[in-house]
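Undergrad: From the sequence below, what's the structure:
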Amino acid sequence: QLSESYRKVRNTARYILGNIHDFNPDTDSVSDTELHDIDRWALLRLNQVVEKVRTAYDEFEFHDAFYAIHHFCVVDLSNFYLDVLKDRLYVEKADSKARRAAQTTIYRILNTITRMLAPILAFTSEEIWGYMPHTADDDARSVLLNEIPQPDNSYADAAFEEKWSRIHALRDNVQKALETARTAKVIGGSLDAKVTLFCDDKLLPFVESVKDLLPTVL
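TA: Have a look, this model is predicted:
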């Protein structure tokens, strides 16, 4: 079980490293205003993890720190954000704004989680740090010569978070329907499916307000 938990974190780092091989954080990063909605959601979640991890370290609760990072890697990144991101990373023009926005986000995520992992996964975080591109502000010699980030309150946005919670709930329902269709051999993979949403009066206005996001998210 421990090996599996470690592998999840390591594979998340490997995936991100593979997708920022042509990314220079000093020259290719985009501004926060150019990030997509889903990128901002990922950074909001990252900031919440930073908050939990800082608190856990301050209280010497190392298992809580690792659990928060592991949960973020598995649930928020592997199962959702990185999965949704594949089209932008693989299909968009290499230096397009959409792809650079995705790279900017995953670079920030990797930089942050590598620093947070350093006290408990020293060798792995050092290895990741050695392969990462760095900004002029980083000390590239070793991850241990860099500070663990502090939480950034500018990401706090209750309405934005609530919106994405509802999108997640919608996605969970669609995923269940797709799984049922897969089991019944109606479809091979989710890309074979055409999804129709049937909404009650309460849900419909919300779905219409986020309809541009849904093809990507679902």
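
Undergrad: Ala102: neighbouring residues, count only.
TA: When neighbours are counted by other C-beta atoms under 10 Å, Ala102 registers 29. For every residue, glycine as well, the C-beta is placed using N, CA and C.

Undergrad: Where does the nearest residue to it once chain neighbours are set aside sit: helix, strand or coil?
TA: Computed as C-beta to C-beta, 6 or more residues apart in numbering, the closest residue to Ala102 that is not its neighbour in sequence is Arg88, at 4.6 Å. Secondary structure state of Arg88, per DSSP: H, G, I helix; E, B strand; the rest coil, is helix.

Undergrad: pretty sure Arg88 is touching Thr104, no?
TA: No: if you go by C-beta atoms under 8 Å, Arg88 and Thr104 don't touch, sitting 11.5 Å apart.

Undergrad: excluding its backbone neighbours, what's nearest the spatially most central residue of the chain?
TA: With distances taken as C-alpha atoms, centre = their mean, the chain has Leu77 as the residue nearest its mean C-alpha position (3.9 Å). Leaving aside its chain neighbours, Leu77 sits nearest to Thr12 (5.5 Å; criterion: C-beta to C-beta, 6+ apart).

Undergrad: which residues does that neighbour contact?
TA: 73, 77-78, 82, 113 (C-beta atoms under 8 Å, 6 or more residues apart in numbering).

Undergrad: Give the next helix or strand downstream of the longest helix anywhere in the chain.
TA: Ordering each helix of the chain by length in residues (DSSP state H) puts helix 158-183 first. Downstream of helix 158-183, the next assigned helix or strand under DSSP states H and E is helix 204-209.

Undergrad: what pLDDT, on average, does that following helix get?
TA: If you average the pLDDT over helix 204-209, you get 94.

Undergrad: For that helix, C-alpha coordinates in CSV please.
TA: What follows is helix 204-209, C-alpha atoms only, in CSV (Å, rounded to 0.1, in the frame of the first residue of the first chain):
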residue,chain,number,x,y,z
LEU,A,204,-30.6,24.1,-15.8
PRO,A,205,-29.6,27.8,-15.3
PHE,A,206,-26.3,26.7,-13.8
VAL,A,207,-25.5,24.2,-16.6
GLU,A,208,-26.3,26.8,-19.2
SER,A,209,-23.9,29.2,-17.4
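
Undergrad: That'll do, ta.
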